[in-house]
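*Asks:* Structure of the sequence below:
(2 chains)
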Amino acid sequence: MPLLLAPPPSAARPLLALTFGVAELNALLRAFCARGRVAEARALFHRYCDTYPPDARTFNTLLLGFKEAGNAQALDLFYHDAVLRGFVPDSVSYCVRMDAYCKKGRFLDALDLLDEMRKRENCRPTLQVFTTLIYGAGIVRNATRARQLFDEMGQGGVTPDRGAHNALMGAYVRARDLQSGMTVMSEMERKGIGLDDVSYNTMLCGFQRIGDLEGIWKVYSKMVGSGFMPRTRTTMLLMKVFCENARPDLGLELWDYLLGKGCVPHRHALDVLVTGLCCRGMVLEAYRCFREMIEMGMTPTERAFRVLEGFFKRKREFEKLEEIRQMMKATQLEEHQCDEEAA
DNA sequence: CTAGGGTTAG
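*Replies:* Purely as a prediction, here's the structure:
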């Protein structure tokens, strides 16, 4: 769709002229960038930059837009053009550019920017800047450098937070040093920095990749022990690992844990669990979970239904077969009614 | 909502 550039609010409409300024322009640019329409954002910028003199936020918003679009080249072009217009980059500008480089594996280029920003009066490396670089070191599998940056941050008076620890942990995991990753995790606990879904997911992913079920179990036990509620991604990872390694009993345990906490697992978690349980002959347990999902007011996927249906047929459990068919029909009907009410 | 940390292997 072609971009329609409306003329700026004219003097004949003073109310609009008063309420639209650089802050509104920035919000507009952000809205376009957030939808991946950064080219249009840039066009808007060029169209209005004379009417509403841009501030640092304007430039940084566009830099961020290019970064999120994965377009490091356009980002560089825009950046240098902005500098020619008199833009003075701040910590945020540097951070965004560094992150764009890091995500492209250009860690050394990002480090050059660190040197450059240190020479400037108006900015210092911030928590986000260090975290970005630690992450960047991890991308190029340089865990040693990641650690150095982490220590350097503390010496520079910037206290590493949960995100910085997670970035360091991720760097160790990428470098296949799971042991050091676990040490970081313990450090976080010792310092009273709570672990979050990113922390758990980082380590679990690492152990999964090298096929270390013991490691998975260690992290999982830690998670359950502290009463943490995993988010969808982590739940799915655990469910798959358990069920695909002939341990649907552990998957069932996870299921019960989540329900015990009042959490409603994702529908696909049930797919994996039902399949895993049925394949190990635990059809009644699969049926129980299927029922529980319906009792929570959710409709299992067609896939979960088909799997369970198939096993009941095979076992000639015609009563149960009929029961789940009815349950499925009832919830689908209910959903339909909800849709209609919403419409 | 102007910035950082997780997903993916062959």
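*Asks:* mind checking which helix or strand the residue nearest to the spatial centre of chain A is in?
*Replies:* By CA atoms, centre = their mean, chain A has its centre lying nearest to A:Val198, at 8.1 Å. In this structure, A:Val198 is located in helix A:197-209 according to DSSP states H and E.
*Asks:* for A:Ser221, same thing?
*Replies:* helix A:213-225.
*Asks:* Check which helices and strands that helix is in contact with.
*Replies:* Other elements packing on helix A:213-225 under the criterion 3 or more CB pairs under 8 Å, 6 or more residues apart in numbering; DSSP states H and E are helix A:178-191, helix A:197-209, helix A:232-244. From N, CA and C alone the C-beta is placed, and that goes for glycine too.
*Asks:* and the angle from the first one to helix A:213-225?
*Replies:* Using axes from the mean of the first three to the mean of the last three CA atoms, to 10 degrees, the interaxial angle of helix A:178-191 with respect to helix A:213-225 works out to 10 degrees.
*Asks:* got it, and the last one?
*Replies:* Between the direction of helix A:232-244 and that of helix A:213-225, the angle (the same axes, to 10 degrees) works out to 130 degrees.
*Asks:* what residues are up against the closest residue to A:Pro53 other than its chain neighbours?
*Replies:* Closest residue to A:Pro53 in three dimensions, ignoring its sequence neighbours and counting by CB to CB, 6 or more residues apart in numbering: A:Val22, at 6.6 Å. With contacts taken as CB atoms under 8 Å, 6 or more residues apart in numbering, A:Val22 has the following neighbours: A:52-55, A:57-58.
*Asks:* of those residues, buried ones?
*Replies:* Neighbour counting by 16 or more other CB atoms under 10 Å classes A:52, A:54, A:57-58 among these as buried.
*Asks:* Cross-reference those residues with the helices and report the matches.
*Replies:* A:57-58 (DSSP state H).
*Asks:* which residues of chain A score low on pLDDT?
*Replies:* A:1-18, A:339-343 (pLDDT under 70).
*Asks:* Counting residues, which helix of it comes out longest?
*Replies:* helix A:318-342.
*Asks:* got the buried residues for that helix?
*Replies:* For helix A:318-342, by 16+ other CB under 10 Å, it's A:320-321, A:324, A:327-328, A:331.
*Asks:* List just the nearest of these to A:Phe45.
*Replies:* A:Thr331 (49.5 Å; CB to CB).
*Asks:* Would you mind measuring from that closest one to A:Lys191?
*Replies:* 46 Å (CB to CB, to the nearest Å).
*Asks:* which bits of the stretch 1-150 of chain A sit near DNA strand B?
*Replies:* A:26-27, A:30, A:34, A:56-57, A:60-61, A:64, A:67, A:90-93, A:95-96, A:99, A:103, A:126-129, A:131-132, A:135, A:138 (CB under 7 Å from any atom of the strand).
*Asks:* Can you tell me which of the residues you listed are buried?
*Replies:* Buried among these (16+ other CB under 10 Å): A:26, A:30, A:56-57, A:60-61, A:64, A:67, A:90-93, A:95-96, A:99, A:103, A:126-129, A:131-132, A:135, A:138.
*Asks:* List the ones among those that fall in helices.
*Replies:* Among those, the members falling in helices (DSSP H) are A:26, A:30, A:56-57, A:60-61, A:64, A:67, A:91-93, A:95-96, A:99, A:103, A:127-129, A:131-132, A:135, A:138.
*Asks:* how many other residues sit next to the closest residue to A:Arg162 other than its chain neighbours?
*Replies:* Ranked by CB to CB, 6+ apart and with sequence neighbours excluded, the top spatial neighbour of A:Arg162 is A:Ile193, at 5.2 Å. By the criterion of other CB atoms under 10 Å, A:Ile193 has 17 neighbours.
*Asks:* Could I get the phi/psi values of A:Ile193?
*Replies:* phi -90, psi 110 (degrees, to the nearest 10).
*Asks:* One more: A:Arg247?
*Replies:* With angles defined as degrees, to the nearest 10, A:Arg247 sits at phi -120, psi 60.
*Asks:* what's the spacing between it and DNA strand B?
*Replies:* 18 Å (CB to the nearest atom of the strand, to the nearest Å).
*Asks:* do A:Asn166 as well
*Replies:* In terms of CB to the nearest atom of the strand, A:Asn166 sits 3 Å off from DNA strand B.
*Asks:* doesn't A:Val198 make contact with that residue?
*Replies:* Yes: between A:Asn166 and A:Val198 there is a contact under CB atoms under 8 Å: 4.9 Å.
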